[in-house]
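Peer 1: Structure for the following, please:
(chains A, B, C and D)
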Protein chains: 2
Amino acid sequence: MSPLSSGLLGDLDPTSDRAVFRQIADQLREAIDRGRFREGEKLPSEAELVDHYGVSRMTVRNSFSILQGEGLVHAEHGKGVFVRPRPPVRRLASDRFARRHRDQGKSAFIVEADAAGSHPQVDSLEVQEEKASQDISARLGSVRRVLARRRRYLLDGRPVEFATSYLPLDIARGTQIAEPNPGPGGIYARLEELGHRLDHFEEEIRARMPSPDEVRTLRLAAGVPVIHLIRTAFDAEKRPVEVCDTVMAADAYVLAYQLPAT
Amino acid sequence: MSPLSSGLLGDLDPTSDRAVFRQIADQLREAIDRGRFREGEKLPSEAELVDHYGVSRMTVRNSFSILQGEGLVHAEHGKGVFVRPRPPVRRLASDRFARRHRDQGKSAFIVEADAAGSHPQVDSLEVQEEKASQDISARLGSVRRVLARRRRYLLDGRPVEFATSYLPLDIARGTQIAEPNPGPGGIYARLEELGHRLDHFEEEIRARMPSPDEVRTLRLAAGVPVIHLIRTAFDAEKRPVEVCDTVMAADAYVLAYQLPAT
DNA sequence: CTCGCCCACTCGTCTAGATACCTAAAGGAG
DNA sequence: CTCCTTTAGGTATCTAGACGAGTGGGCGAG
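Peer 2: Model (predicted):
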């Protein structure tokens, strides 16, 4: 028996002001919210909905495109439209850069993912000197050129984060920070060895829809925003010593912060 | 002269694998990025693009819908499609709940907005006792019922944030916290007066596409995600005394945090 | 039994209209 | 001069159909 004859979806209200494709989207959304369609489950095909509602195919596709924009479903060519499963989220705690997390050989990302039972991976590592953008230059205190360290992070094969660290050349040039592998404890450990004892970090968080580039790099589904995090590290002399620009798939992250009530 | 004859947009590449509507979207996006169309400016109409590219109207509309999903443009019925202006952002600093910001008569939101030269407004204030959701109950330490304070914040008439505070009844019932106007310094000031000296806050941040409800409440344009912030306030005895659930228009906010490097 | 082909089903793209409704400006009635 | 109507030019919605292309199962040849 077709799923549509079993009363999962209702009828249209021809007297309603609401556009037909919105009504269909509403019904599908509600069915998903109520769990009538579970995560990963296939929705009725376009043809089935065309029959059920007696509308044209473009109207049905219009409904699907609404739900895609909301990040509720995703279409797979040749297979169908599916309820988008919620991926496991990675929780970034505000103490993630504490020194006590820095004494191991592996990076925080690897350690944490291993602990969570996922398979971590770091990708497209790229280290080079380049001209600082206006924004980066301002954040680092008017430097012209910087060392840029780019890398992509994946969990179980899925890209979740793309990050670029920028450091002033007078600090990083010729050190292990300029090597692809910065060594145990990462670049923050190296910075401290170089005499830049870290004092505090400042983080700026924005959320927005991804650019086409970011969609490609993070293999983002339709309707998934990105979290854009810009972190500046300051040493004990209050000098900015690193800016890290990170773009994260928003469906893969929860950021957690602890604030004093001082 | 039509904007289209002046070379703002190129031609299609019929040999490309890329779908025609994506090529058109690419060209429009690039023109916007390069500043050929400025913020708030009107893009060529559907009819003009139909003529220019020699495609059908649905194809052009498809291109526009891509750009809308990216939050780059918005359509106004009967007027045209416009480059979406970036609204002024409100910066939330991590010390925004510090005691020194609590000694004035007005709420932090009002004071800060006034300082920024915008017209702040608080709206749809609602205070009631209700059953705690599972999540809220867990965060407050297994309470059954809570006092809920809902309100919407607007800047220059635009809704930017919708927040609900939940407090355990044994703390809030019968106090000024249960009144629509909690008095100078807000509910945190009242909590401290009631002997719950605040110790620290925990914040969880997610970003996602809005639900249709949130689109309505925050009057969100297509392609604008929301930032979902859940803050828990702890008193000196490490007891959770308030949970605040906030949904913000992502294009109106930057969150800023300062972290110790300890 | 296995491999490869075919076919049914599915979504992706595009066309060519029709009707509805919104907006703003022009023009006419009063 | 003011107010209403008209009209031109916009987007919103919907239809009906065509072709393309990915997926996976069935079936026949070997």
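
Peer 1: who does the helix or strand of chain A with the lowest mean pLDDT touch, helix- and strand-wise?
Peer 2: Here the helix or strand of chain A ranked lowest by mean pLDDT, DSSP states H and E is helix A:108-115, holding a mean of 79. Judged by 3 or more Cβ pairs under 8 Å, 6 or more residues apart in numbering or on different chains; DSSP states H and E, helix A:108-115 is in contact with strand A:120-131. Using the backbone N, CA and C atoms, a C-beta is placed for each residue, glycine as well.

Peer 1: try 10 Å this time
Peer 2: strand A:90-92, strand A:120-131, strand A:145-155, strand A:158-168, helix A:186-193 (3 or more Cβ pairs under 10 Å, 6 or more residues apart in numbering or on different chains; DSSP states H and E).

Peer 1: which stretches of the stretch 1-150 of chain A aren't confidently modelled?
Peer 2: Residues of the stretch 1-150 of chain A meeting the criterion pLDDT under 70: A:1-7, A:103-106.

Peer 1: what about the helices in it?
Peer 2: Shown for the stretch 1-150 of chain A, the helices assigned by DSSP state H, counting those that start in this stretch span residues A:20-33, A:46-53, A:57-69, A:108-115, A:134-140.

Peer 1: elements contacting the third one?
Peer 2: Judged by 3+ Cβ pairs under 10 Å, 6+ apart, helix A:57-69 is in contact with helix A:20-33, helix A:46-53, strand A:73-76, strand A:80-83, helix B:57-69.

Peer 1: Now that helix: buried residues?
Peer 2: Neighbour-count burial for helix A:57-69, with 16 or more other Cβ atoms under 10 Å in any protein chain shown as criterion, is recorded at A:59-60, A:62-69.

Peer 1: Also the second one?
Peer 2: For helix A:46-53, burial by neighbour count (16+ other Cβ under 10 Å) applies to A:46, A:48-50, A:52-53.

Peer 1: go on, the last one?
Peer 2: Of the residues in helix A:134-140, those scored as buried under the neighbour-count criterion (16+ other Cβ under 10 Å) are A:136-137, A:139-140.

Peer 1: if I pick A:Phe37, what's in contact with it?
Peer 2: A:3, A:8, A:28, A:31, A:43-44, A:72-73, A:81-83 (Cβ atoms under 10 Å, 6 or more residues apart in numbering or on different chains).

Peer 1: let's see it at 6 Å
Peer 2: By Cβ atoms under 6 Å, 6 or more residues apart in numbering or on different chains, the contact set of A:Phe37 is A:31, A:83.

Peer 1: Quick check: the gap between it and A:Leu9.
Peer 2: 10 Å (Cβ to Cβ, to the nearest Å).

Peer 1: same question, A:Gly174
Peer 2: Taking Cβ to Cβ, one finds A:Gly174 at 66 Å from A:Leu9.

Peer 1: next one: A:Asp135
Peer 2: Per Cβ to Cβ, A:Asp135 is found 49 Å from A:Leu9.

Peer 1: hang on, the earlier thing: just the buried residues of helix A:46-53 that are near DNA strand C?
Peer 2: With Cβ under 7 Å from any atom of the strand as the criterion, these include A:46, A:48 near DNA strand C.

Peer 1: Any chance of a markdown table for the buried residues of helix A:46-53, columns distance to B:Leu169?
Peer 2: Formatted as a markdown table, the buried residues of helix A:46-53 follow (distance: Cβ to Cβ, whole Å):
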| residue | distance to B:Leu169 |
| --- | --- |
| A:Glu46 | 50 |
| A:Glu48 | 49 |
| A:Leu49 | 47 |
| A:Val50 | 52 |
| A:His52 | 47 |
| A:Tyr53 | 47 |
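
Peer 1: tell me which residues form a beta bridge with the closest residue to A:Leu125 other than its chain neighbours?
Peer 2: Spatial nearest neighbour of A:Leu125, excluding adjacent residues (Cβ to Cβ, 6 or more residues apart in numbering or on different chains): A:Arg151 at 4.9 Å. For A:Arg151, the beta-bridge partners under DSSP bridges are A:Ala163.

Peer 1: and A:Gly174 and A:Leu9? which has more neighbours close in?
Peer 2: A:Leu9 (21 against 7; other Cβ atoms under 10 Å in any protein chain shown).

Peer 1: got the contact list for the more buried one?
Peer 2: A:Gln27.

Peer 1: which ones are touching the residue of the stretch 151-262 of chain A found nearest DNA strand C?
Peer 2: Closest contact between the stretch 151-262 of chain A and DNA strand C, by Cβ to the nearest atom of the strand, is at A:Ala222 (9.0 Å). Listed by Cβ under 6 Å, 6+ apart, the contact set of A:Ala222 reads A:Gln68.

Peer 1: repeat that for 7 Å
Peer 2: When contacts are counted by Cβ atoms under 7 Å, 6 or more residues apart in numbering or on different chains, A:Ala222 touches A:68-69, A:74.

Peer 1: Then A:Val254?
Peer 2: Applying Cβ under 7 Å, 6+ apart, the residues near A:Val254 are A:89, A:91, B:204-206.

Peer 1: Give me the buried entries from these.
Peer 2: Applying 16+ other Cβ under 10 Å to these flags B:204-206 as buried.

Peer 1: Next, work out how far apart the residue of the stretch 51-200 of chain A found nearest chain B and A:Val243 are.
Peer 2: Nearest to chain B, among the residues of the stretch 51-200 of chain A, is A:Leu198, at 3.8 Å (Cβ to the nearest Cβ). For A:Leu198, the distance to A:Val243 (Cβ to Cβ) stands at 14 Å.

Peer 1: of those two, who's got more company?
Peer 2: More neighbours surround A:Val243 than the other of A:Leu198 and A:Val243, with 24 against 21 (other Cβ under 10 Å).

Peer 1: What is the helix or strand the more buried one falls within packed up against?
Peer 2: Assessed by DSSP states H and E, A:Val243 sits inside strand A:240-249. On a contact count with 3 or more Cβ pairs under 7 Å, 6 or more residues apart in numbering or on different chains; DSSP states H and E, strand A:240-249 meets helix A:134-140, strand A:158-168, helix A:186-193, strand A:226-235.
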